[in-house]
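Q: Fold the following.
(one chain, ligands or ions: 1)
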Amino acid sequence: MIIAIDGPAAAGKGTLSRRIAGEYGFHHLDTGLTYRATAKALLDAGLPLDDETIAEQMARDVELAGLDRGVLSAHSIGEAASKIAVMPLVRQALVETQRAFAVRAPGTVLDGRDIGTVVCPDAPVKLYVTASAEVRARRRFDEIVGNGTPADFLEVLADIVKRDERDMGRADSPLRPAADAHLLDTSEMSIEAAFLAAKTIIDAAL
Ligand code: C5P
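A: As a prediction, the model looks like this:
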């Protein structure tokens, strides 16, 4: 059983995916972390972000066991990740790793941008989780301020819009809902309501 969850930055995919994985006892992979880990390895080594051959090598060295959102959460890493995510060779390398994860028993939940369209096009359940840019920016802003870091709401919003443009506008595997994905707009939904809506869809497919 594979559950594919896609959507733009800060739509709540991560929280929802972890909740679903816990509910069904499935393994969970936040595929954004594989792009972030590749970007961080390049930044740490002082290597350029625009050399596709070097970036591909770093992508091939990413190990799933070591991925940790805490270490990879920095804004600069997210920005760098979305830059190297436009490179086909980087995507190919990471998609291979993600597909190997997807077949783990008894089931998996993968979240990202291209799971339902490219990584696991045959997944029996596909969710496309979204929310308006304003709502996503508000959630991200509250999270940053909640962690004790000052932030500017309009800057956070501009950032979200820029990331959307890059993720939806790239030629290779752009962010878009798969034809057979269930759309879940969480703009006016609590996490609990989004989880229950997802559970109804998943239970119908089990
Ligand atoms: O989800 P997160 O913000 O951690 O992802 C960082 C970046 O990695 C995204 O902006 C996107 O460009 C890229 N990404 C991707 N495909 C995925 C997951 C993430 O291109 N499946």
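
Q: Quick check: mean pLDDT of stretch 184-192?
A: On average, the pLDDT along stretch 184-192 is 94.

Q: How far off centre is it?
A: Relative to its parent chain, stretch 184-192 has a centroid offset of 17 Å by CA atoms, centre = their mean, to the nearest Å.

Q: in that stretch, what counts as buried?
A: 184-186, 189 (16 or more other CB atoms under 10 Å). Where you see a C-beta, it was placed from the backbone N, CA and C, and this is true even at glycine.

Q: And stretch 18-35, by the same measure?
A: Applying 16+ other CB under 10 Å to stretch 18-35 flags 19-21, 24, 26, 28-35 as buried.

Q: can I get the CA coordinates of that stretch in PDB?
A: C-alpha atoms of stretch 18-35 as PDB (Å, rounded to 0.1, in the frame of the first residue of the first chain):
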ATOM      1  CA  ARG A  18       3.000  11.700   9.900                       C
ATOM      2  CA  ARG A  19      -0.500  11.400  11.400                       C
ATOM      3  CA  ILE A  20      -1.600   9.000   8.600                       C
ATOM      4  CA  ALA A  21       1.500   6.900   8.800                       C
ATOM      5  CA  GLY A  22       1.000   6.600  12.600                       C
ATOM      6  CA  GLU A  23      -2.700   5.600  12.100                       C
ATOM      7  CA  TYR A  24      -2.000   2.800   9.700                       C
ATOM      8  CA  GLY A  25       1.500   1.700  11.000                       C
ATOM      9  CA  PHE A  26       3.100   2.700   7.700                       C
ATOM     10  CA  HIS A  27       6.700   4.000   7.100                       C
ATOM     11  CA  HIS A  28       6.800   7.700   6.200                       C
ATOM     12  CA  LEU A  29       9.200   9.500   3.900                       C
ATOM     13  CA  ASP A  30       9.200  13.300   3.600                       C
ATOM     14  CA  THR A  31      10.900  13.500   0.200                       C
ATOM     15  CA  GLY A  32      11.600  17.200   0.600                       C
ATOM     16  CA  LEU A  33      14.300  16.100   3.100                       C
ATOM     17  CA  THR A  34      16.200  14.300   0.400                       C
ATOM     18  CA  TYR A  35      16.400  17.500  -1.700                       C
END
